[in-house]
Structures are given as C-alpha cells and as structure tokens.
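**Student:** Any chance you could fold what I've pasted below:
(one chain, ligands or ions: 1)
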Amino acid sequence: MMGTPDLDDLYREIILDHYRNPRNTGLLAGPDLQAEGFNPFCGDRVVLTLALDSGGGIERVGFEGEGCSISQASASIMTELLKGKSVGEAHGLNAAFRALMADAELPHGHSADDLGELTALEGVKRFPVRIKCALLPWATLQDALAQGSHTP
Ligand code: ZN
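**Tutor:** Numbering: from 1, shown residues only. Here you go, the predicted structure:
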C-alpha cells in the first residue's frame with residue numbers, strides 16, 4: 001500500500017490538533033443561549049455559549065470543556081462549523097453527525113462534505129462507549145437551542 005495515505009493517522013492528527021489547540025474557547029459574556037453537558041461515562045464536560053444575530057443566525061460561539069480528546073475535539077470542530085449557520089442549519093448538522101456516528105444514512109440534503117473535519121471522528125463509531133464522547137457537545141448544543149425554540 002505504498003503511497004496510500006493512512007486515513008487513521010490523518011484523522012488522529014486532526015483530532016489531536018483540535019484537542020491541543022481548541023478553537024473558540026472561552027465563554028461569551030451575556031450569551032443568547034447556553035447549556036452545559038456532562039458525560040458520566042468518561043468524565044467529559046462541555047459548557048457552550050452562543051450569540052445570535054438579529055436574524056437568528058449563530059454569530060459567535062464560545063465553549064469551555066474538559067475531558068478526553070474525542071469530546072474536546074468534537075466540541076472544537078463543532079464551534080467552527082456553527083459560526084454563521086442558522087439555527088435550522090445547526091439542527092441539520094446535528095442530525096447529520098448523529099447519523100454518521102450511528103452508521104445510518106445521512107438526512108436528506110446532507111452529505112459528508114457538510115460535516116467537514118467531523119468526519120475525522122467517524123472511526124470512533126467502532127468504539128460504542130466513545131460515541132457518547134463525540135456526541136456530548138452536540139447534545140449540549142441541542143439543549144442550548146431548545147432554550148431558544150420559543151422565540152421566532
Ligand atoms: Zn470522553
């Protein structure tokens with residue numbers, strides 16, 4: 001297999017890069033939406049804050065967390081993907097990532113391209129107990145968005 005890039009190595013590098021240099025860390029002051037998530041199976045914790053623009057789009061994202069590389073890399077990649085997205089698009093990404101991790105078909109209108117670096121986490125689905133680590137930031141996002149669901 002000479003010359004064939006080793007995807008596992010590439011994915012490991014993406015995950016470790018986000019783990020060591022997480023993007024969008026630090027909680028926003030006076031966020032429009034916030035939630036905290038905890039994964040008791042691994043001890044992972046994520047606090048997520050979101051600021052919305054006047055159109056209801058996600059303008060800024062900040063998070064703080066601690067735990068394993070899978071949970072923290074997933075959070076970091078998620079915050080990168082969320083910026084500039086509408087709340088509806090955020091729900092769509094959440095559904096698409098959950099489908100990817102469940103080895104299910106992606107929701108209509110979604111492709112793996114939408115998920116960007118999140119696809120680096122796909123290998124985690126071979127380790128069911130770690131799937132909770134990868135999904136923790138997304139469960140936290142769902143909680144945060146649910147707070148805002150009553151506003152138009
Ligand atoms: Zn974990």
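
**Student:** any weak-confidence spans in the chain?
**Tutor:** Along the chain, segments meeting pLDDT under 70 span 1-5, 149-152.

**Student:** which bits of it sit near the ion?
**Tutor:** 42, 44, 67, 68, 71, 133 (Cβ under 5 Å from the ion). C-beta coordinates here come from the backbone N, C-alpha and C atoms, glycine included.

**Student:** which non-adjacent residue is nearest the third one?
**Tutor:** Going back to what we said before, that points to residue 67. residue 44 (2.9 Å; Cβ to Cβ, 6 or more residues apart in numbering).

**Student:** and the one you found, how many neighbours does it have?
**Tutor:** 24 (other Cβ atoms under 10 Å).

**Student:** go on, residue 14?
**Tutor:** 18.

**Student:** SS state for it?
**Tutor:** Of the three states, residue 14 takes helix under DSSP: H, G, I helix; E, B strand; the rest coil.

**Student:** my guess is it meets residue 118, correct?
**Tutor:** No. If you go by Cβ atoms under 8 Å, residue 14 and residue 118 don't touch, sitting 9.5 Å apart.

**Student:** hey, which helix is longest across this protein?
**Tutor:** For the chain, the longest helix by residue count, based on DSSP state H, is helix 128-147.

**Student:** which of the residues in that one are buried?
**Tutor:** For helix 128-147, burial by neighbour count (16 or more other Cβ atoms under 10 Å) applies to 130-142, 144-145.

**Student:** what does stretch 56-71 give?
**Tutor:** For stretch 56-71, by 16+ other Cβ under 10 Å, it's 57, 58, 59, 60, 61, 62, 63, 65, 67, 68, 70, 71.

**Student:** distance between the ends of that stretch?
**Tutor:** 27 Å (Cα to Cα, to the nearest Å).

**Student:** what sits against residue 119?
**Tutor:** Counting by Cβ atoms under 8 Å, 6 or more residues apart in numbering, residue 119 touches 11, 100, 112.

**Student:** which of those has the most neighbours?
**Tutor:** residue 100 (21 neighbours).

**Student:** Which residue is the nearest non-sequential neighbour of that residue?
**Tutor:** residue 122 (5.8 Å).
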